[in-house]
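Student: sequence-free structure coming up:
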């Protein structure tokens with residue numbers, strides 16, 4: 001969609017992806033004028049992020065791709081097995097590229 005990048009802010013947390021639930025550490029990415037607005041709101045709502053947790057996130061990010069490869073493959077295998085079982089049961093199921101779930105519909 002034209003112009004979407006210039007008006008989109010992505011806010012992403014680290015908790016689930018790095019298996020550090022409860023740490024409440026996140027980042028925002030987007031056009032600088034929008035990030036400035038996010039920063040102003042953040043400054044009024046939060047005192048400051050916990051410095052030890054920020055260091056922990058940096059350590060967790062180091063090598064995260066390698067640590068996430070095995071669980072990612074396991075979820076993909078489970079998704080593929082589920083999709084195959086659905087097809088064998090008379091359903092049609094697409095295999096999403098970025099999810100570990102299936103969306104079955106009755107085969108016609």
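Tutor: Here it is on my side, so go on. Bear in mind the structure is a predicted one, so any value in this text is a computation, not a measurement.
Student: going forward, measure contacts between C-alpha atoms and count neighbours the same way
Tutor: Will do.
Student: for the longest helix along the chain, the averaged confidence score.
Tutor: Assignment by DSSP state H gives helix 64-88 as the longest helix of the chain. Averaged over helix 64-88, pLDDT sits at 84.
Student: elements contacting the helix or strand just after that helix?
Tutor: Using DSSP states H and E, the helix or strand that follows helix 64-88 in sequence is strand 91-94. Using 3 or more Cα pairs under 8 Å, 6 or more residues apart in numbering; DSSP states H and E, the elements in contact with strand 91-94 are helix 64-88, strand 103-106.
Student: identify all contacting residues around strand 91-94.
Tutor: With contacts defined as Cα atoms under 8 Å, 6 or more residues apart in numbering, strand 91-94 is touched by 83, 86, 87, 102, 103, 104, 105, 106, 107.
Student: parallel or antiparallel, which strands does that strand pair with?
Tutor: Its sheet considered, strand 91-94 pairs with strand 103-106 (antiparallel) by DSSP bridges.
Student: gap between the helix or strand of the chain with the lowest mean pLDDT and the chain center?
Tutor: Taking mean pLDDT, DSSP states H and E as the measure, strand 91-94 is the helix or strand of the chain with the lowest mean score, a mean of 75. Distance of strand 91-94 from the chain centroid (Cα atoms, centre = their mean, to the nearest Å) equals 24 Å.
Student: is residue 12 bridged to anything, and to what?
Tutor: residue 27.
Student: which residues touch it?
Tutor: Here residue 12 is in contact with 26, 27, 28 (criterion: Cα under 8 Å, 6+ apart).
Student: contact partners for the second one?
Tutor: Under the criterion of Cα under 8 Å, 6+ apart, the neighbours of residue 27 are 11, 12, 13.
Student: export those to CSV and append columns for distance to residue 34 and pLDDT.
Tutor: CSV is the format used below for these (distance: Cα to Cα, whole Å; pLDDT from 0 to 100):
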residue, distance to residue 34, pLDDT
11, 12, 93
12, 15, 92
13, 18, 90
